[in-house]
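*Asks:* Here's my sequence, what's the structure:
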Amino acid sequence: MNALARLWAAGWTVRIAILVIIAVSVIAVAGPALAPYDPLGQDTANALQDSSLAHVLGTDYLGRDVLSRLLAGAPASLLSALGAALIGLVVGAVPGALSAFAPRAGEWLSLRVVDALLSLPFILFAIVFAALLGNGLVQATLAIGILIAPSFFRIARAATLRVRDSQYVEAAMFLGASAWWVLRRHVWRQVAPNLIVASVSALGGALLAVASLTFLGIGVQPPAPTWGGMLSSDLGYLGQRPFGPVAPALAIIITVGALNLLADAARDVLGADAVTARPARKEVAHV
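*Replies:* Just a heads-up that it's a prediction; the model follows:
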């Protein structure tokens, strides 16, 4: 039974999480096309309306359809979170795995850099980053990716250290194989399950981070819709529309919850193999 089949068989909660993620992925790609109204179209005569047949989730303070803005804002929120997770994976995992083979001085320096990044306050770093490079979604995504990278660094390094002292790795190094060759040939297959679990979990954290930044007005500027921006604007009209923030808040909560459930299930399916699996053939490098 392959990993996907084992995930599907993990329980009904995991199946729901997978279906939610599939639905969210479709919305991330086709959200604006699915919007029933123009997400930027204003109709102040119908502002702050409750749910109705014409506007399923009501309208905001400018009369814009909330469902349309929720669908149109999905790509910016979700694709930015995906981009941040990918940046963190590339920037963190590769140096983390290589650091296990680095000289003592290089190892010490890389660990100090990671400790420094972990000590940075997230919101303050993002604000400074936006002030230096401009307030845009690309800059916000890059800032989040940099702050996620230390987690991938530590996971990749810890998994690589477990493999580094294996006999087949020592044999390859003894025969002159480079650290990069050993990583490609022997280590990545052992580290990959851990990184898959970490990547799914990081997606949820990145989405929360993107929502936090857009809530503060960092990344995407109004009137462009984002889930965090919608949540921020709706909080100013709780007296007239007390349930206004519910739709964007639920979108964030359900998506992050589904990703966390999937990460837990992936850990159960892949976690034991990530530590104990061995290469099918203990090959020696020929260099």
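*Asks:* Helix or strand: which one has the residue sitting nearest the centre point of the chain?
*Replies:* The central residue of the chain, meaning the one whose C-alpha is nearest the mean C-alpha position (Cα atoms, centre = their mean), is residue 203 at 1.9 Å. In the assignment (DSSP states H and E), residue 203 maps to helix 188-215.
*Asks:* For that helix, give the mean pLDDT please.
*Replies:* Mean per-residue pLDDT for helix 188-215: 88.
*Asks:* in it, what counts as buried?
*Replies:* By neighbour count, with 16 or more other Cβ atoms under 10 Å as the criterion, the buried positions of helix 188-215 are 188, 190-215. For glycine as for every other residue, the C-beta is placed from the backbone atoms N, C-alpha and C.
*Asks:* wait, what's in contact with the nearest residue to residue 202 once chain neighbours are set aside?
*Replies:* Once flanking residues are discounted, residue 202 sits nearest to residue 85: 4.5 Å by Cβ to Cβ, 6 or more residues apart in numbering. Applying Cβ atoms under 8 Å, 6 or more residues apart in numbering, we find residue 85 in contact with 145, 148, 199, 202-203, 206.
*Asks:* Let's see that with 7 Å instead.
*Replies:* Residues near residue 85 by Cβ atoms under 7 Å, 6 or more residues apart in numbering: 148, 199, 202-203, 206.
*Asks:* sorry, back to before: next structured bit after the helix holding residue 203?
*Replies:* With elements assigned by DSSP H and E, the helix or strand that comes after helix 188-215 is helix 227-234.
*Asks:* ok, longest helix in this structure?
*Replies:* Taking residue count as the measure and DSSP state H as the definition, the longest helix of the chain comes out as helix 66-99.
*Asks:* tilt between it and helix 227-234?
*Replies:* Taking axes from the mean of the first three to the mean of the last three Cα atoms, to 10 degrees, one finds that helix 66-99 is oriented at 140 degrees with respect to helix 227-234.
*Asks:* what angle separates helix 66-99 from helix 188-215?
*Replies:* Relative orientation of helix 66-99 with respect to helix 188-215: 140 degrees, computed using the same axes, to 10 degrees.
*Asks:* Buried residues, helix 66-99. List them.
*Replies:* Of the residues in helix 66-99, those buried by neighbour count under the rule 16+ other Cβ under 10 Å are 66-78, 80-89, 91-99.
*Asks:* mind listing the helices for the protein?
*Replies:* For the chain, helices defined by DSSP H occupy the ranges 3-8, 12-34, 66-99, 104-118, 122-133, 137-164, 167-174, 179-182, 188-215, 227-234, 246-276.
*Asks:* Could you export the ones you listed as CSV, including distance to residue 51?
*Replies:* Formatted as CSV, the entries for the helices of the chain read as follows, by distance: least, Cβ to Cβ, whole Å:
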stretch, distance to residue 51
helix 3-8, 34
helix 12-34, 18
helix 66-99, 9
helix 104-118, 44
helix 122-133, 33
helix 137-164, 30
helix 167-174, 60
helix 179-182, 57
helix 188-215, 23
helix 227-234, 14
helix 246-276, 10
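*Asks:* Looking at those, which is nearest to residue 57?
*Replies:* In this view, the helices of the chain are compared for proximity to residue 57 by Cβ to Cβ, and helix 66-99 is the closest at 3.9 Å.
*Asks:* so how far is that closest one off the chain centroid?
*Replies:* 5 Å (Cα atoms, centre = their mean, to the nearest Å).
*Asks:* Residue 267 and residue 195 touch, don't they?
*Replies:* No - counting by Cβ atoms under 7 Å, no contact exists between residue 267 and residue 195, whose distance comes to 11.8 Å.
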